[in-house]
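S.K.: using only what follows, build the 3D model:
(one chain, ligands or ions: 1)
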Amino acid sequence: MDIAIVGCGFVADYYMTTLPNHPELRLVGVFDRDPEAAKRFAAFHGARVFETLDALLADPAIGLVLNLTNPSSHYAVSRACLEAGRHVYSEKPLAMDIGEAEHLVALAREKGLQIASAPSSVLGEAAQGLRRAIVDGAIGEPRLVYAEMEDSMVFRENYRSWRSLSGAPWPAEDEFAVGCTLEHAGYYLTWLCEFFGPVEEMTAFSAKLFPDKGTGQAPGEIANDFSIACLRFRSGPVARLTCGLAAPSDRSLHVVGTEGVLSLTDGWNAASPVYLRDTAGHWRPRVGVLGKVMRRLERGRPLKHWFGKRVPVSSSQAVVPETSSRMDFMRGPAAMAEAIRAGARAPLADAFALHVTELSIVAQSAERFPMPYRPRSTF
Ligand SMILES: NC(=O)c1ccc[n+]([C@@H]2O[C@H](COP(=O)([O-])OP(=O)(O)OC[C@H]3O[C@@H](n4cnc5c(N)ncnc54)[C@H](O)[C@@H]3O)[C@@H](O)[C@H]2O)c1
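M.R.: Got it, this is the predicted structure:
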């Protein structure tokens, strides 16, 4: 399928790095409202630049548009693409406002199109290995999930020196204005909604722990940088998801079931190991004495992320960015293109994307919503 990219910034390079994993996708051209960004990106990747969004949308070859703009532009750009009859794969969140996200999904339905939202990491090997273990009954009935999206105090790091492959600066001001929950909650909300279905009720708390991020932005321009969302899935399990820019980096996931615990080390690594332990959190290796030694060593210590019985995770030859984001970003658009070709519903699309977006928006700014919150959307 012929695709186009709108938004030639930091993340666009992650998509270009992983484009060769999907030879069925052909990049027709790119557009950015900042001509310098478009020129730099296009020169690096040898891509064609469209002068305007209208010019891009006038090209009849393009079937799917990747909206990789900043979150505040997502709604307007996606709406224009849908109105021009194009399927859309949007970076997260679908929109900054629940009503706008609802409008996009309704518009897509009205036009017979699909709109999906990143992240697509749930299609990766680690998530699928974890899912298979749950479905195969490795932990009995899943009851509780602890999901961490702690990104540490990135605002204390030397982020002004961070550049993407083609030279785009890391958009610090935008990251801090949008908020780490809107930026990151989707990574695990997509997994949990894929595993357990829709959320029936959520109680969230969020706070602004560092109103001064050193960027010169006024406190009012800085979003909450910490949130905890407690989710009750209609199918039964409950989950606690934490997103923050305070505690040290931790992107682990633990699923506690009636018969055991599954732990994944890093949700941003498609090849992350997944471990199985007993309900007390102990590893029961075949060589019994090894288990005893480990139990002695772990007494009182948080060794919970990185040992246990290894759960099979398929290996992959896919190229991924050589950063902390070791994921095949183009897998989402590729899966969408395949579904469109087959006349099927794309993964992560429409009502599913809306549900994840709604939960993320509410968790990001919990003080604006009555708690417990019952989502308007479902899938
Ligand atoms: N930075 C990361 O590591 C990262 C990782 C995963 C996902 N994301 C997501 O990717 C998206 C983009 O983030 P980024 O880091 O690439 O930001 P960025 O600021 O580096 O790039 C965004 C680009 O979009 C362009 N743009 C904005 N509005 C536009 C419009 N209306 N029309 C055309 N171009 C427009 C900007 O000029 C800019 O070049 C966000 O939704 C973010 O959540 C970012």
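
S.K.: going forward, measure contacts and count neighbours with C-alpha atoms only.
M.R.: Fine.

S.K.: what helix or strand is the residue of the chain most remote from its centre on?
M.R.: Going by C-alpha atoms, centre = their mean, the residue of the chain most distant from its centre is residue 289, 40.4 Å out. Using DSSP states H and E, the element containing residue 289 is helix 288-298.

S.K.: just the CA trace of that helix, in PDB.
M.R.: Only the C-alpha atoms of helix 288-298 are listed here, as PDB (Å, rounded to 0.1, in the frame of the first residue of the first chain):
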ATOM      1  CA  GLY A 288      15.300 -27.600  43.400                       C
ATOM      2  CA  VAL A 289      18.400 -26.400  45.100                       C
ATOM      3  CA  LEU A 290      18.700 -23.500  42.700                       C
ATOM      4  CA  GLY A 291      15.200 -22.300  43.700                       C
ATOM      5  CA  LYS A 292      16.200 -22.500  47.400                       C
ATOM      6  CA  VAL A 293      19.400 -20.400  46.700                       C
ATOM      7  CA  MET A 294      17.300 -17.800  44.700                       C
ATOM      8  CA  ARG A 295      14.700 -17.600  47.500                       C
ATOM      9  CA  ARG A 296      17.500 -16.900  50.000                       C
ATOM     10  CA  LEU A 297      19.100 -14.300  47.700                       C
ATOM     11  CA  GLU A 298      15.800 -12.500  47.000                       C
END
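
S.K.: got a list of contacts for that helix?
M.R.: 282, 283, 284, 285 (C-alpha atoms under 8 Å, 6 or more residues apart in numbering).

S.K.: report the buried residues of it.
M.R.: 291, 294, 295 (16 or more other C-alpha atoms under 10 Å).

S.K.: what do you get for stretch 8-27?
M.R.: So for stretch 8-27, counting by 16+ other C-alpha under 10 Å, buried means 8-19, 21, 25, 27.

S.K.: how about the residues of the stretch 1-150 of the chain by the ligand?
M.R.: Contact residues, the stretch 1-150 of the chain versus the ligand (C-alpha under 6 Å from any ligand atom): 6-12, 32-34, 37, 68-71, 73, 77, 91-92.

S.K.: what are the ranges of the strands in the stretch 101-250 of the chain?
M.R.: With strands called from DSSP state E, counting those that start in this stretch, the stretch 101-250 of the chain shows them at 115-117, 142-150, 199-207, 226-233, 238-244.

S.K.: winner for burial among those?
M.R.: Mean neighbour count (mean count of other C-alpha atoms under 10 Å) peaks for strand 115-117 among the strands of the stretch 101-250 of the chain, with a mean of 29.

S.K.: helices and strands around it, which ones?
M.R.: strand 87-90, helix 98-111 (3 or more C-alpha pairs under 8 Å, 6 or more residues apart in numbering; DSSP states H and E).

S.K.: now what about the first one, what contacts it?
M.R.: Going back to what we said before, that points to strand 87-90. By C-alpha under 8 Å, 6+ apart, strand 87-90 touches 63-68, 74, 78, 81-82, 108, 113-118, 332-333, 336.

S.K.: try the longest one
M.R.: By C-alpha under 8 Å, 6+ apart, the list of residues contacting helix 98-111 from outside reads 75, 78-79, 82-83, 85, 87, 94-95, 114-115, 350-351, 354, 357-358, 361.

S.K.: go again with 7 Å.
M.R.: 75, 79, 82, 94, 95, 114, 115, 350, 351, 354, 358 (C-alpha atoms under 7 Å, 6 or more residues apart in numbering).

S.K.: kindly report the same for stretch 274-284.
M.R.: Residues contacting stretch 274-284 (C-alpha under 7 Å, 6+ apart): 130, 259-265, 291, 295, 307-311.

S.K.: pull the helix or strand with minimum mean pLDDT from the chain.
M.R.: helix 288-298 (a mean of 78; mean pLDDT, DSSP states H and E).

S.K.: got the angle between the top helix by length along the chain and strand 142-150?
M.R.: When the chain is parsed with DSSP state H, its longest helix is helix 180-196. Following axes from the mean of the first three to the mean of the last three C-alpha atoms, to 10 degrees, one obtains 150 degrees for the angle between helix 180-196 and strand 142-150.

S.K.: could you write out the alpha-carbon coordinates of helix 180-196 in PDB?
M.R.: Output of helix 180-196 as PDB, limited to C-alpha atoms (Å, rounded to 0.1, in the frame of the first residue of the first chain):
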ATOM      1  CA  CYS A 180       3.800  11.700  30.400                       C
ATOM      2  CA  THR A 181       0.500   9.900  30.900                       C
ATOM      3  CA  LEU A 182      -1.000  11.000  27.500                       C
ATOM      4  CA  GLU A 183       2.400  10.100  26.000                       C
ATOM      5  CA  HIS A 184       2.900   6.700  27.700                       C
ATOM      6  CA  ALA A 185      -0.300   5.200  29.200                       C
ATOM      7  CA  GLY A 186      -1.300   3.900  25.800                       C
ATOM      8  CA  TYR A 187       1.700   1.500  25.800                       C
ATOM      9  CA  TYR A 188       0.100  -0.700  28.500                       C
ATOM     10  CA  LEU A 189      -3.500   0.300  28.100                       C
ATOM     11  CA  THR A 190      -3.400  -1.200  24.500                       C
ATOM     12  CA  TRP A 191      -2.000  -4.400  25.900                       C
ATOM     13  CA  LEU A 192      -4.500  -4.700  28.800                       C
ATOM     14  CA  CYS A 193      -7.500  -3.900  26.600                       C
ATOM     15  CA  GLU A 194      -6.300  -6.400  24.000                       C
ATOM     16  CA  PHE A 195      -5.800  -9.000  26.700                       C
ATOM     17  CA  PHE A 196      -8.900  -8.400  28.900                       C
END
